[in-house]
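**Q** one predicted model, sequence on top.
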Amino acid sequence: MPFNFPIALTWLRIAIIPFFVALFYVPDAILPMGLRDAVAAWLFVVAALTDWLDGWLARRWNQTSSFGAFLDPVADKLMVAAALLVLLHLDRVGSLVALVIIGREIAISALREWMAQIGAGASVAVHWLGKFKTAAQMIAIPCLLHHQDWLDLPVALIGQVLIWVAAALTVWSMFYYLKKAWPEIQART
């Protein structure tokens, strides 16, 4: 298993998850809800930034590896799933949205794994739809975590709109990837 700074950042993102979730089990008397929500939102933002930074550094320093390529999306999906489950528990996101986003991540990850095994991984490479979906999620989730107006911005409302945009892009991108993989699926059934 290779180890370098970009992979260390990915591991850091995974390590943040239990601390992120644990924040919501700290009693309000110790950590008031407003502060907890702000800390959780900023932890998520830090995790999202390390996602961008680890990939950029790996490419820039020529430290890309198959292990890093495997671990990075796993870390992303774990962080997003943990955040959505917390938001679901807090009743800040609907179960349909959480199910659509988490379900798509599992389905497309499995599809990409299968396509890579049969040598057709390039046909389901990341597309701009997936990038827009990720951007919408990465802005919506901290807004929903923070859930309080900030600088007169209705943060919770922005988060709600963007999470629905992310859910719509999630479905759209899932169908896009399935359409790209369909010839291979038909050929092997």
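**A** Perfect, thanks for sending it.

**Q** low-confidence ranges, this protein, go.
**A** Within the chain, the stretches with pLDDT under 70 are 1.

**Q** can you list phi and psi of the most centrally placed residue in the chain for me?
**A** Closest to where the C-alpha atoms of the chain average out (CA atoms, centre = their mean) is Val80, at 3.8 Å. Torsion angles at Val80 (phi, psi; degrees, to the nearest 10) stand at phi -60, psi -40.

**Q** so it sits against Glu105, correct?
**A** Yes - under the criterion of CB atoms under 8 Å, Val80 makes contact with Glu105 at 7.0 Å. Glycine gets a C-beta too; all of them are placed from N, C-alpha and C.

**Q** going along the chain, name the helices of this structure.
**A** 5-22, 33-60, 66-89, 95-117, 128-146, 155-187 (DSSP state H).

**Q** next, the buried residues of the fifth one.
**A** To tie it back to what came earlier, the one meant is helix 128-146. For helix 128-146, a neighbour-count test (16 or more other CB atoms under 10 Å) marks 129-130, 133-134, 136-146 as buried.

**Q** re earlier: would you mind finding the most buried of the helices of the chain?
**A** helix 128-146 (a mean of 21; mean count of other CB atoms under 10 Å).

**Q** point out the other helices and strands that that one packs with.
**A** helix 33-60, helix 66-89, helix 155-187 (3 or more CB pairs under 8 Å, 6 or more residues apart in numbering; DSSP states H and E).

**Q** got a list of contacts for that helix?
**A** Helix 128-146 is contacted from outside by 37-38, 40-42, 44-45, 48, 76, 80, 83-84, 86-87, 92-93, 101, 155-156, 158-163, 165-166, 169-170, 172-173, 176-177, using CB atoms under 8 Å, 6 or more residues apart in numbering.

**Q** tell me which of the helices and strands packed on helix 128-146 sits nearest to Ile14.
**A** Counting by CB to CB, Ile14 lies closest to helix 66-89 out of the helices and strands packed on helix 128-146; the figure is 4.9 Å.

**Q** next, the angle from that closest one to helix 155-187.
**A** Here the directions of helix 66-89 and helix 155-187 differ by 130 degrees (axes from the mean of the first three to the mean of the last three CA atoms, to 10 degrees).

**Q** next, give me the two most distant ones among the buried residues of helix 128-146.
**A** Checking these with CB to CB, the most distant pair is Leu129 and His146, at 26.7 Å.

**Q** got the CA positions of stretch 70-89 in PDB?
**A** Extracted as PDB, the C-alpha positions of stretch 70-89 are listed here (Å, rounded to 0.1, in the frame of the first residue of the first chain):
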ATOM      1  CA  PHE A  70      -9.600   3.600  -5.100                       C
ATOM      2  CA  LEU A  71      -9.500   5.200  -1.700                       C
ATOM      3  CA  ASP A  72     -10.400   8.800  -2.700                       C
ATOM      4  CA  PRO A  73     -14.000   8.100  -3.900                       C
ATOM      5  CA  VAL A  74     -14.600   5.700  -1.000                       C
ATOM      6  CA  ALA A  75     -13.700   8.500   1.400                       C
ATOM      7  CA  ASP A  76     -16.000  10.900  -0.500                       C
ATOM      8  CA  LYS A  77     -18.900   8.600  -0.400                       C
ATOM      9  CA  LEU A  78     -18.400   7.700   3.300                       C
ATOM     10  CA  MET A  79     -18.300  11.400   4.200                       C
ATOM     11  CA  VAL A  80     -21.400  12.300   2.100                       C
ATOM     12  CA  ALA A  81     -23.300   9.300   3.400                       C
ATOM     13  CA  ALA A  82     -22.500  10.100   7.000                       C
ATOM     14  CA  ALA A  83     -23.500  13.700   6.500                       C
ATOM     15  CA  LEU A  84     -26.800  12.700   4.800                       C
ATOM     16  CA  LEU A  85     -27.600  10.300   7.600                       C
ATOM     17  CA  VAL A  86     -27.000  13.000  10.200                       C
ATOM     18  CA  LEU A  87     -29.100  15.400   8.300                       C
ATOM     19  CA  LEU A  88     -31.900  12.800   7.900                       C
ATOM     20  CA  HIS A  89     -31.700  12.300  11.700                       C
END
